[in-house]
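Asker: Here is a sequence with its predicted model. Questions after.
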Amino acid sequence: MDKINLNAKKVAFFRFKKLKDKYLITNDLGNYFFLSPDLFKQYLEGRLDKKSETYKALEAKEFIGDSLDKKNLVQNYRKRSTYLFLGPSLHIVVTTLRCNYNCVYCQASSRNQKEKGYDMDIKTARKVVDAIFQTPNNLITIEFQGGEPLANWPVVKFIVDYARKKNKKAGKNLFITLVTNLSLLTEEKYQFLIKNRVIFCTSLDGPKQLHDRNRPWSGGSSYEATTKWIKKIQAHQKRDIDLYHVSALLTVSKFSLKYPKEIVDTYRKFGFSGVFLRPLSFLGLSGTMRSRIGYSTKEFLDYWKKTMDYIIGLNLKGEEFSERGSKIMLQKILTDFDPGFLDLRSPCGAGIGQMLYNYDGKVYTCDEGRMLGNDTFLIGNVHKNSYQEMVSHDTVKSLCVASLLENLPCDNCAYKPYCGVCPVLNYALYGNIFTSLPGNERCQLYQGMLDYLFEKLQNKRIAEVFENWVRPKEGN
């Protein structure tokens with residue numbers, strides 16, 4: 001491009017990136033626009049015709065400097081960053097480290113089901129719930145994790161009962177989620193959980209042969225054990241529309257890369273309206289198994305794009321089916337609402353969006369923080385520390401600083417409004433909570449995903465599909 005005489009008065013702050021034959025420009029409100037090289041130069045020099053559709057669109061999206069409504073800018077920015085002012089909403093409770101599965105990608109470094117000394121007791125459970133209800137956030141999600149939470153059923157049951165009892169006085173919007181492989185579920189436990197409106201979240205890695213390979217179980221086929229309960233819960237949902245649902249998560253291992261279509265079809269088979277294509281994190285056992293189950297960022301992106309192409313094709317044929325990771329990014333791109341996904345926000349959610357309560361009462365900044373297997377990201381203990389001491393811990397402050405994109409080279413990236421970094425993962429992979437130079441594995445992953453989404457957004461039919469994914473549905 002020829003030398004440009006920038007008109008600083010006409011041009012509002014923006015970031016840009018060349019995507020094929022156009023320039024993508026973005027701003028801190030998450031607004032974006034595509035410009036041809038000629039229009040991009042006219043924009044920079046303040047020469048756009050004020051009566052043109054391009055000028056009007058840029059003005060509406062706050063890209064024109066001398067017509068900015070600064071009060072409106074501040075209000076919109078605060079609206080997109082509401083999560084910064086609320087306190088932790090996600091409270092992960094590890095009732096036990098014991099598990100009856102031997103998943104090849106286990107991040108939690110679970111223990112054998114017969115081992116002792118890895119269960120939360122009632123005294124600790126009571127302290128955990130008391131700490132959770134000290135958060136100022138009116139929205140609370142208690143999420144049971146493990147190990148396999150159902151291996152310590154008495155504590156799961158106690159926490160559900162005690163949290164419901166406390167909330168009668170607190171009056172918060174309380175959600176309780178059980179992350180479980182479902183194999184230890186019984187009819188008695190199931191009836192208690194649905195009575196107390198507990199949301200089920202399980203793992204479904206795809207067709208039977210793939211699921212069983214990723215998630216081996218000495219008791220038989222993990223696929224059969226999981227899908228039996230999925231079908232039962234879904235049948236109950238159809239009879240009781242108020243019943244909280246069952247959702248499923250996929251973890252993509254090296255073995256999954258051959259099955260982009262088959263994995264989606266498995267989720268469709270069981271009536272799910274979408275899938276979350278989650279890459280390995282390489283924490284816990286997953287890190288030690290990397291050479292066997294891992295892949296390069298390029299390999300994952302190739303798989304992800306093939307799967308996305310298939311999913312988009314289904315939508316173009318009239319079937320609504322989404323990919324959750326893309327949907328989160330698209331909410332940030334296409335709407336004024338930021339879903340507050342903890343890995344894609346600035347700063348990240350460690351200690352200010354989520355907290356993890358381990359079986360022994362130790363409290364960590366986040367789920368990833370406990371997965372390291374040491375106390376680097378320990379912020380307290382429910383038996384010794386107050387809620388205020390934990391959320392004000394120096395480690396929480398350090399992670400906020402390390403994940404604030406304005407402090408990082410990421411501030412120069414066009415994708416900054418839609419992205420985020422995980423300091424704990426940086427520490428695990430690179431020995432430093434501050435991100436390494438742009439181009440690390442997670443950066444490559446998010447750049448590749450956002451490149452794909454913005455290229456597809458230039459196709460009108462696909463843009464309509466994406467807009468439908470993020471459009472509020474009736475009853476939501």
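Answerer: Perfect, thanks for sending it. Residues are numbered from 1 along each chain as shown.
Asker: Show the contacting residues for residue 420.
Answerer: 341, 343-346, 348, 403, 405 (C-beta atoms under 8 Å, 6 or more residues apart in numbering). To be clear about C-beta, it is placed using only N, CA and C from the backbone, and glycine gets the same treatment.
Asker: could you redo the last one with a cut-off of 10 Å?
Answerer: Contact partners of residue 420, counting by C-beta atoms under 10 Å, 6 or more residues apart in numbering, are 332, 341-349, 403-405, 410, 442, 446.
Asker: What of residue 199?
Answerer: 141, 143, 175-179, 193, 243-247.
Asker: Among those, which lie within strands?
Answerer: Counted as lying in strands by DSSP state E, out of these, are 141, 143, 175-179, 246-247.
Asker: where's the dip in pLDDT among these?
Answerer: The lowest pLDDT within the ones in strands among the contacts of residue 199 belongs to residue 246, with 90.
Asker: can you list the weak-confidence ranges in this structure?
Answerer: Residues of the chain that meet the criterion pLDDT under 70 lie in 1-2, 238-244, 284-287, 436-438, 473-476.
Asker: For the stretch 1-150 of the chain, just list every one of the helices.
Answerer: Assigned by DSSP state H, counting those that start in this stretch, the helices in the stretch 1-150 of the chain fall at 37-44, 53-60, 70-80, 122-132.
Asker: before we move on, what SS does the residue positioned nearest the centre of the chain have?
Answerer: Centroid-nearest residue in the chain: residue 341, 4.6 Å away (criterion: C-alpha atoms, centre = their mean). Put simply, residue 341 is coil when judged by DSSP: H, G, I helix; E, B strand; the rest coil.
Asker: Not counting sequence-adjacent ones, nearest residue to it?
Answerer: Counting by C-beta to C-beta, 6 or more residues apart in numbering, residue 328 is the residue found nearest to residue 341 once chain neighbours are left out, at 4.7 Å.
Asker: how about the one you found, what does it touch?
Answerer: Taking C-beta under 10 Å, 6+ apart, we find residue 328 in contact with 276, 338-341, 343-344, 418, 470.
Asker: By neighbour count, which of those residues wins?
Answerer: residue 418 (24 neighbours; other C-beta atoms under 10 Å).
Asker: wait, residue 269 sits on residue 208?
Answerer: No - between residue 269 and residue 208 there is no contact under C-beta atoms under 10 Å: 11.1 Å.
Asker: Across the sheet, point out what pairs with residue 99.
Answerer: Taking DSSP bridges as the rule, residue 99 bridges to residue 112.
Asker: I'd say it and residue 179 touch.
Answerer: No - applying C-beta under 10 Å as the test, residue 99 and residue 179 come out as separate, 11.5 Å apart.
Asker: if I look at these two, which residues touch both of them?
Answerer: Here residue 99 and residue 179 have 146, 148-149 as joint contacts, going by C-beta under 10 Å, 6+ apart.
Asker: In a markdown table, list the residues you listed along with distance to residue 360 and neighbour count.
Answerer: What follows is the shared contacts of residue 99 and residue 179, written out as a markdown table (distance: C-beta to C-beta, whole Å; neighbours: other C-beta atoms under 10 Å):
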| residue | distance to residue 360 | neighbour count |
| --- | --- | --- |
| 146 | 14 | 25 |
| 148 | 17 | 24 |
| 149 | 15 | 25 |
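Asker: circling back to that earlier point, out of the ones in strands among the contacts of residue 199, which is nearest to residue 85?
Answerer: Nearest to residue 85 among the ones in strands among the contacts of residue 199 is residue 141, at 17.7 Å by C-beta to C-beta.
Asker: which residue packs closest to that closest one, ignoring adjacent ones?
Answerer: residue 175 (4.5 Å).
Asker: for the one you found, what are its contacts?
Answerer: Residues near residue 175 by C-beta under 10 Å, 6+ apart: 89-90, 139-143, 197-199, 244.
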